[in-house]
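K.L.:
sequence and predicted structure are below.
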Amino acid sequence: MNSAGPLGDMHWREFRNDSGEEIPAFACMRVTGAEVVSTGRVALTVGKPNTFGAQYNHVFNGPLKVANGKYGLCTRSDGAAALYDSADGTPAFGESWGPRDATWKLKKNTGGFVVEIVTNSTQALASVKPQPFLMFKGQTDASHAKAATGTISIFYGTGVGTDTTVNMTSVYNAFGNVATTKAVTCRWEGDIAGTKWTLISAEC
Amino acid sequence: MANIGTVSFPGVKGYTAWSMTLSHGITPSVCMIDCVPQGANPQTVGNLQFQYDRTRINFVDCLVDSARLRRDPSGFVVGLVILDRRWLWRFGSISGFYNKRRPDGKSIDPATEKTPQELARLLFQAMNEQRYDVSGMPNNLRPECDWDYANPAQELAELCDELGCRIVLGIDNVVRIYPIGVGQTLPNLPTQITQDFGYDPPFHPDSVLLVGGPTRWQTKFKLTPVGEDVEGRIKPIDELSYKPSGGWGADGFLGKFFNLASNLTGKYLASARALAEKSVYRWYKISSASLADNAPDGSFYISGYNKQIQFVDQLLPLESGLVQTTIDKDGTERPRPAILTGKYWNTQPDAQNLTDEQRVTQSFSIDEDRGIVMLSEPIYKLSNGTITIPDLWLTVAHGIKDLETKQPTRFNREIRLRKQPLGTGPLVILREELVETNIVAPMDNTQIRPGGAGGQAPVLAVPRNNAFTTANTAEVERQSRYWLEAAALEFETQQTADLSYAGLVPISPDGAIQQVSWSSSQGGCYTRASYNSEHNHNVPTYRERRAAERIQNSRASAKKIVSKVRKLFGGRP
């Protein structure tokens, strides 16, 4: 499908709104699966984001709001128009904005997408491209034993960074014990139940 | 015994009587010779000569058309019918397109321009005529001539009819073209036997009405979205049977429709979706026209047309381009393409609708019969997460049909032939090449919005409907005057005269002398000539001969009818 103009040149796919509520135009959505609607017609199913950051499973709604149970078009192409939370400020070129739990809007200092430009400040729209959230730095919330999962506070920014106040739970520690409030680096291992994130380095 | 004039034709002997009436036009005149049965057939083609005393009249290249044997009290008589050399004119062909009107209706394509005298010379050359004189033809008009393997004599006769002229074969074997009524008076000779003077008020109408081709306008129309329904009818999108229950606003991004009427399932849903994707937000029909570009649907105000336009059908079919033209690289003048403008969302990621009216970038075609623009891509506005109807306008050329008669509006001018009308109605002269044009919404490429910083392209001005049109009426009026004056010539009351003389008098027909007859029998040799009239009732009148000639030329007539039909339905020749 195509249409004259930048959004028309992007790759769009059909989706069904399974979120239980109306999806706003240009909202960030979490792909929950796919279904064969009818012969020759396959649609993604989407819900509201429920994690910190996006790897490969988040897409953006098109310019039309979509009622619960109805169908629309979504994209993940470079330059997609995305709704952002203006309470976090105005996105600037190169900043990381991504999904967080229970919101349709992109949040600042959240992995998933990198900002190109704000295209409509009145409607809080920015043009973004995917930058999968595959690694983060943080701090242990409690002592973290070897071969166990634990909770890590997600930090963002230069140096040690600033606590985002969002925690990543079920982070696996394959190495030695790590004490509480230690700086760590975590890596995305894939969308595997129970072991999505792993410690790859820790402060002694 | 009376002095008998002689006739000679190769192979004809023993004649007892002969007669010939020389008349205007392209139909050959006939010489009748009664003679005794010949031992052999006469020569088929030869020179026919009459002689009386020292007076000789020659006609070259005459043809024996027929011979009949009859018996009368004097015995067996052969009646020969010999045609003058105009029998050759039945054959031959000519091709050419002259005085072709430019698509803007204002002027003639100079590459095709020919004066009437130049056209007549071309026709005579195609008729293999070497001796002719066209200097008497009026030379101001520029009739459009579309000859495609046409018979040149027939076309010459049509040309002369249009110009109020006659084709005249003289006794010097030169073919001349004379305006009607222009020529010599009959000679006053001592051999005059009878005189008959009078005047011939022609059987003429109260007036002559010149009618041009369908008038063309260039107007800016507002458009409204339409779609194709399941039964094939085109309807406003809100009347489509598969319209979603909540309206069209929630669907249609990129022309995709997922949420049509909830009662549709299976193959019916698939069909409805296909129709929606084919037509909704892609098809827009002309709906109104006004100076402010925002008239309500069904309201048409078009400058230069002072009658009512109640139905859009009066404006259909549209043309495919504008009245204004452009010159291609190959030098061909063509109508400019129609212009589609609008305020819509151009799918930029800012989700903003264009606030200024601009040329639409999507390609489109026009369903001329139905007045529908068909876009290659859907076009719409955005409003708070829903789709809304865009503001679209089409500037295009079109005609206007009268509300009552349903016939296209045409330029017309009438001149009266009588001060006190008798109630005859006008004689209508149809000149399809005289087309009046009215440019209500001109396209002006000189007015552009300059390019912006960073190499932003300049934007051409959009057309606007004006209260006053740019029209070619003055030029059409000027040409119409010539045609009306030429037509009126035929209806001027003429003084007539009919004189007969003893012997052979070498009187040559011209524009005034319409018939000359020579005859010889046992009773003597005589000449009879008519001024502004015809005396021989055995010969069909000029009008009757022209009617018969037109029937003979039925193929060319059919072609002209087809050409007229094409022009009516497509605006194309």
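P.N.:
Sure, I can see it. Quantities reported herein were computed from a predicted structural model and do not represent experimental measurements.

K.L.:
I figured residue B:438 was touching residue B:218, is that so?
P.N.:
Yes - using CB atoms under 8 Å, residue B:438 is in contact with residue B:218, at 7.2 Å. No exception for glycine: its C-beta is placed from N, CA and C like everyone else's.

K.L.:
any idea how far the residue most central in space within chain A lies from chain B?
P.N.:
Closest residue to the average C-alpha location of chain A: residue A:54 at 2.6 Å, with CA atoms, centre = their mean. Distance, residue A:54 to chain B, by CB to the nearest CB, to the nearest Å: 19 Å.

K.L.:
how many residues are close by the nearest residue to that residue once chain neighbours are set aside?
P.N.:
Nearest residue to residue A:54, sequence neighbours excluded (CB to CB, 6 or more residues apart in numbering or on different chains): residue A:112, at 3.1 Å. Number of residues near residue A:112 (other CB atoms under 10 Å in any protein chain shown) recorded here: 27.

K.L.:
which ones are touching residue B:5?
P.N.:
Residue B:5 is in contact with B:18, B:50, B:51, B:52, B:503, B:504, B:518, B:520, B:525, counting by CB atoms under 8 Å, 6 or more residues apart in numbering or on different chains.

K.L.:
and for residue B:438 and residue B:218, which residues touch both?
P.N.:
In contact with both residue B:438 and residue B:218: residue B:323, using CB under 8 Å, 6+ apart.

K.L.:
for the host helix or strand of residue A:128, which positions count as buried?
P.N.:
Residue A:128 is part of strand A:125-131 when elements are defined by DSSP states H and E. Using 16 or more other CB atoms under 10 Å in any protein chain shown as the test for burial, strand A:125-131 gives A:125, A:126, A:127, A:128, A:130, A:131.

K.L.:
measure the residue in the stretch 51-200 of chain B positioned nearest to chain A to residue B:143 for me?
P.N.:
Residue nearest to chain A within the stretch 51-200 of chain B: residue B:103 (29.7 Å; CB to the nearest CB). For residue B:103, the distance to residue B:143 equals 19 Å [CB to CB, to the nearest Å].

K.L.:
higher neighbour count, the two?
P.N.:
Using other CB under 10 Å, the more surrounded residue of residue B:103 and residue B:143 is residue B:103, with 26 against 19.

K.L.:
show the contacting residues for that one.
P.N.:
So residue B:103 contacts B:323, B:325, B:333, B:334, B:335 (CB under 8 Å, 6+ apart).

K.L.:
and these, which are buried?
P.N.:
B:323, B:325, B:335.

K.L.:
show me which of those is closest to chain A.
P.N.:
Proximity of the buried ones among the contacts of residue B:103 to chain A (CB to the nearest CB) peaks at residue B:335, which lies at 25.0 Å.

K.L.:
ok, that closest one touching residue B:325?
P.N.:
Yes - with contact defined as CB under 8 Å, residue B:335 reaches residue B:325; the gap is 5.5 Å.

K.L.:
how about the residues of chain B by chain A?
P.N.:
With CB under 8 Å from any CB of the partner chain as the criterion, chain B meets chain A at residues B:249-256, B:258-259, B:345-352, B:361-362, B:377-378, B:382, B:384-387.

K.L.:
quick revisit: near chain B, from the buried residues of strand A:125-131?
P.N.:
Applying CB under 8 Å from any CB to the buried residues of strand A:125-131, those adjacent to chain B are A:125, A:127.

K.L.:
now the buried residues of strand A:125-131 as JSON lines including distance to residue A:8 and pLDDT?
P.N.:
JSON lines is the format used below for those (distance: CB to CB, whole Å; pLDDT from 0 to 100):
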{"residue": "A:125", "distance to residue A:8": "16", "pLDDT": "97"}
{"residue": "A:126", "distance to residue A:8": "19", "pLDDT": "97"}
{"residue": "A:127", "distance to residue A:8": "15", "pLDDT": "96"}
{"residue": "A:128", "distance to residue A:8": "18", "pLDDT": "96"}
{"residue": "A:130", "distance to residue A:8": "19", "pLDDT": "96"}
{"residue": "A:131", "distance to residue A:8": "24", "pLDDT": "95"}
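
K.L.:
re earlier: the contacts of residue B:5: which two are farthest apart?
P.N.:
Spatial extent of the contacts of residue B:5 (CB to CB) is set by the pair B:18 and B:503 at 14.3 Å.

K.L.:
quick one: which of these two has more around it?
P.N.:
Taking other CB under 10 Å, residue B:18 and residue B:503 do not tie; residue B:18 has more neighbours (25 against 18).

K.L.:
which strands and helices sit next to the helix or strand where that one lies?
P.N.:
If you go by DSSP H and E, residue B:18 is part of strand B:15-23. Counting contacts by 3 or more CB pairs under 8 Å, 6 or more residues apart in numbering or on different chains; DSSP states H and E, strand B:15-23 packs against strand B:30-35, strand B:45-52, strand B:513-521.

K.L.:
so which of those strands is the most surrounded?
P.N.:
Mean neighbours per residue, mean count of other CB atoms under 10 Å in any protein chain shown, is largest over the helices and strands packed on strand B:15-23 for strand B:513-521, with a mean of 23.

K.L.:
list the helices and strands that strand packs on?
P.N.:
strand B:15-23, strand B:45-52, strand B:524-531.

K.L.:
go again using 10 Å as the cut-off
P.N.:
Applying 3 or more CB pairs under 10 Å, 6 or more residues apart in numbering or on different chains; DSSP states H and E, we find strand B:513-521 packed against strand B:6-8, strand B:15-23, strand B:30-35, strand B:45-52, strand B:55-72, strand B:165-169, strand B:494-502, strand B:524-531.

K.L.:
tabulate the ones you listed (CSV), appending mean pLDDT.
P.N.:
Shown next, in CSV, are the helices and strands packed on strand B:513-521 (pLDDT from 0 to 100):
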stretch, mean pLDDT
strand B:6-8, 90
strand B:15-23, 92
strand B:30-35, 92
strand B:45-52, 93
strand B:55-72, 90
strand B:165-169, 96
strand B:494-502, 87
strand B:524-531, 93
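
K.L.:
okay, those in a markdown table with distance to residue B:264 next?
P.N.:
Shown next, in a markdown table, are these (distance: least, CB to CB, whole Å):
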| stretch | distance to residue B:264 |
| --- | --- |
| strand B:6-8 | 93 |
| strand B:15-23 | 78 |
| strand B:30-35 | 80 |
| strand B:45-52 | 82 |
| strand B:55-72 | 78 |
| strand B:165-169 | 71 |
| strand B:494-502 | 79 |
| strand B:524-531 | 84 |
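
K.L.:
most packed of those?
P.N.:
The most buried one of those (mean count of other CB under 10 Å) is strand B:165-169, showing a mean of 25.

K.L.:
name the SS class of residue A:190, please.
P.N.:
Following DSSP: H, G, I helix; E, B strand; the rest coil, the label given to residue A:190 is coil.

K.L.:
neighbours of it, just the number please.
P.N.:
When neighbours are counted by other CB under 10 Å, residue A:190 comes out with 10.

K.L.:
contacts only, for it.
P.N.:
By CB atoms under 10 Å, 6 or more residues apart in numbering or on different chains, the contact set of residue A:190 is A:55, A:56, A:134, A:196, A:197.

K.L.:
rewinding a little: partners of the helix or strand following the strand holding residue A:128, with directions?
P.N.:
Sequence-wise, the next helix or strand downstream of strand A:125-131 (DSSP H and E) is strand A:135-140. Strand A:135-140 sits in its sheet next to strand A:148-156 (antiparallel), strand A:183-188 (antiparallel), going by DSSP bridges.

K.L.:
buried residues of strand A:135-140, list them for me.
P.N.:
Buried, per 16+ other CB under 10 Å, within strand A:135-140: A:136, A:137, A:138, A:139, A:140.

K.L.:
so which of these comes closest to chain B?
P.N.:
residue A:136 (28.0 Å).

K.L.:
the helices in chain B, which residues?
P.N.:
Using DSSP state H, the helices of chain B run over B:116-126, B:152-163, B:266-279, B:473-489, B:542-552, B:554-570.
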